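Novice: Predicted model, plus sequence, below.
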Amino acid sequence: MSVSLYFNTIKLQQISLITKFISTYNSSNSRYYILEERSKSEYVSYRVRIQMDNFCYTWRIFTPNEPKVTCMTFSLQDYLDTIKMCVNSLCKVWENGASTAYTYTLDCGIDGIRMCSKQLNVSGVTPGYYTLMTNDIKTEMFTFYPVKDKFVDQYTIGIGDRRYETFLTLWDNDYKQIRHQFEMLAYTQKAEIELFFDMSETVLKIERRSVLDQMIKTEDGTSFKYKEYALVEVIPNRFAKMPIIKGYCDYKKTVKAFYEGLLSLAMANFMHGYPHDHERMLAYNKIKSPIIEHLITGNYRDDTSYETRQQIVKTILTIEPDYDQVFVDEECCSYSFDRDGLLDEDNLYDREGNPICMKEMYEWQQEIEPIVIASATGQPYSKDWRSYHERGLKLAHELRKRLSPEIDLWYDAPYEDKSGIINHPMLIL
């Protein structure tokens, strides 16, 4: 029996185990997984135990009513090449329309097989028997945010182009527990967060890793320089039918992306589980964390007591320029500046209790009026969106300094901007 033949009988969830096995082999000299496959006859089954020993993988295949165990041993590279060949072959024949061993759509799908193929090209590239350096790492972007304009609620999660959408059907998550799990990054340099949004847990693991960047010879010996990364692992829920995703990401950007995604998901409760105005901020404030925000900005200190573990937010403003507004609050009330740069809202003041005046933001918002008119009338329009957002983000940070800590400020692109430069709201810290 060859590995290739046996591998074609393994369901997608089991491919996930293999993918995880390959992606984590450098953390241990010995690791085991049990894979099972039942045939149409309930009395026939196969079991496989995989062991890594001395940088070789050994498959022990157990078959019913046969006392002899089939063993196959591969070197590290042979094992990786064989698994990649199996997955890529399955992907190729499926895309060409050929028949496969998969007869039920619930077993797996072509999207999952494609992601397995991509994941295998990322995993297993840094053997544990030599020093990992930054040259060995390809940094990717971590993604986590609600999907806009969907008839049903969904969110996107993943690393690089290995991401997927899954449903958001439960609104009674323990957001405070999620925040505490996330805050463990500050104390143990790693966190395991359980998102129970779709009757089954999606698990996100984040670990801060210091990777050797340079070794410099000096008069006193050798000097070492390191860079910080986030080693991220996404374990999909059982409905996603996708493999486990793992990769290296920028540490601060990963923490910020996940934090923004959690707050965005919490804000979605405004339309679902919390109908009363005085309860609308509950889910949002359960996620709000000064500790996480200090990790993002680089201001976190191990010797800080953090007596105030949570800053209560009373208002959420989102900068989203339109022809008659600069930003909106959590109740969709619009705010704008007049020609003199004064904010036309009596209830919103700066930290000293003075009216907010920002003529530059009024002029920046006025640039969007001809774009909105052209879009509404079907006329062509163009805009240097990158420059526009650079100025907008600069103004947003200036406004953030003036606002009370009880107000959270977000930045989003106008509806007419299809450039994708700002593809989801950003929290201004």
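Specialist: Structure's in. What do you need? Numbering: from 1, shown residues only.
Novice: Could you count how many residues lie near Glu390?
Specialist: 12 (other CB atoms under 10 Å). For the C-beta atoms, the positions are set from N, CA and C on the backbone; glycine is no exception.
Novice: And it, which helix or strand is it part of?
Specialist: Following DSSP states H and E, one finds Glu390 within helix 385-402.
Novice: residues in contact with that helix?
Specialist: 319, 321, 350-351, 356, 358, 360-361, 364, 367, 409, 411, 413, 417, 419, 421-422, 426, 428-429 (CB atoms under 8 Å, 6 or more residues apart in numbering).
Novice: pLDDT weak spots in the stretch 1-150 of the chain?
Specialist: Counting by pLDDT under 70, the stretch 1-150 of the chain contains low-confidence residues at 1-55, 63-67, 76, 99-109, 123-131, 149-150.
Novice: now do 80
Specialist: Residues of the stretch 1-150 of the chain that meet the criterion pLDDT under 80 lie in 1-84, 86-87, 89-91, 93-113, 116, 119-132, 136, 148-150.
Novice: packing partners for the longest helix belonging to the chain?
Specialist: Longest helix in the chain by number of residues, with DSSP state H as the criterion: helix 76-95. Packing contacts for helix 76-95, counted by 3 or more CB pairs under 8 Å, 6 or more residues apart in numbering; DSSP states H and E, involve helix 3-7, helix 12-23, strand 56-62, helix 110-122.
Novice: buried ones in that helix?
Specialist: Buried residues in helix 76-95, counting neighbours by 16 or more other CB atoms under 10 Å, are found at 76, 79-80, 82-84, 86-88, 90-91, 94.
Novice: biggest separation within the residues you listed, which pair?
Specialist: Within the buried residues of helix 76-95, two members stand farthest from each other by CB to CB: Leu76 and Trp94, at 27.7 Å.
Novice: May I have the secondary structure class of Ser419?
Specialist: coil (DSSP: H, G, I helix; E, B strand; the rest coil).
Novice: and the closest residue to it other than its chain neighbours, how many neighbours?
Specialist: Nearest non-adjacent residue to Ser419, counting by CB to CB, 6 or more residues apart in numbering: Trp385, 4.3 Å away. By the measure other CB under 10 Å, the count of residues near Trp385 is 19.
Novice: Would you map the helices across the chain?
Specialist: 3-7, 12-23, 76-95, 110-122, 175-188, 251-267, 282-287, 290-297, 359-366, 369-377, 385-402.
Novice: Could I get those in TSV, plus columns for distance to Leu343?
Specialist: TSV is the format used below for the helices of the chain (distance: least, CB to CB, whole Å):
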stretch	distance to Leu343
helix 3-7	63
helix 12-23	51
helix 76-95	55
helix 110-122	47
helix 175-188	31
helix 251-267	23
helix 282-287	23
helix 290-297	25
helix 359-366	9
helix 369-377	18
helix 385-402	10
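Novice: so who does Thr73 touch?
Specialist: Listed by CB under 8 Å, 6+ apart, the contact set of Thr73 reads 56-59.
Novice: same thing with Phe182?
Specialist: 191, 193, 258-259, 262, 289, 292 are the contacts of Phe182 under CB under 8 Å, 6+ apart.
Novice: which of those has the most neighbours?
Specialist: Going by other CB under 10 Å, Leu262 tops the contacts of Phe182 with 26 neighbours.
Novice: Go ahead and confirm that residue touches Ile287.
Specialist: Yes: between Leu262 and Ile287 a contact is recorded at 4.9 Å, counting by CB atoms under 8 Å.
Novice: and for the two, which residues touch both?
Specialist: By CB under 8 Å, 6+ apart, the residues touching both Leu262 and Ile287 are 175, 178-179.
Novice: In PyMOL, select just the buried ones from those.
Specialist: Buried members of the shared contacts of Leu262 and Ile287, defined by 16+ other CB under 10 Å, are picked up in PyMOL with:
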select buried, resi 175+178+179
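Novice: Only the buried residues of the lengthiest strand in the chain, if you could.
Specialist: Secondary structure of the chain per DSSP state E: the longest strand is strand 202-218. For strand 202-218, burial by neighbour count (16+ other CB under 10 Å) applies to 202, 204-209, 211.
Novice: and those, which two are the farthest apart?
Specialist: The span of those, defined through CB to CB, is set by Thr202 and Val211 at 26.7 Å.
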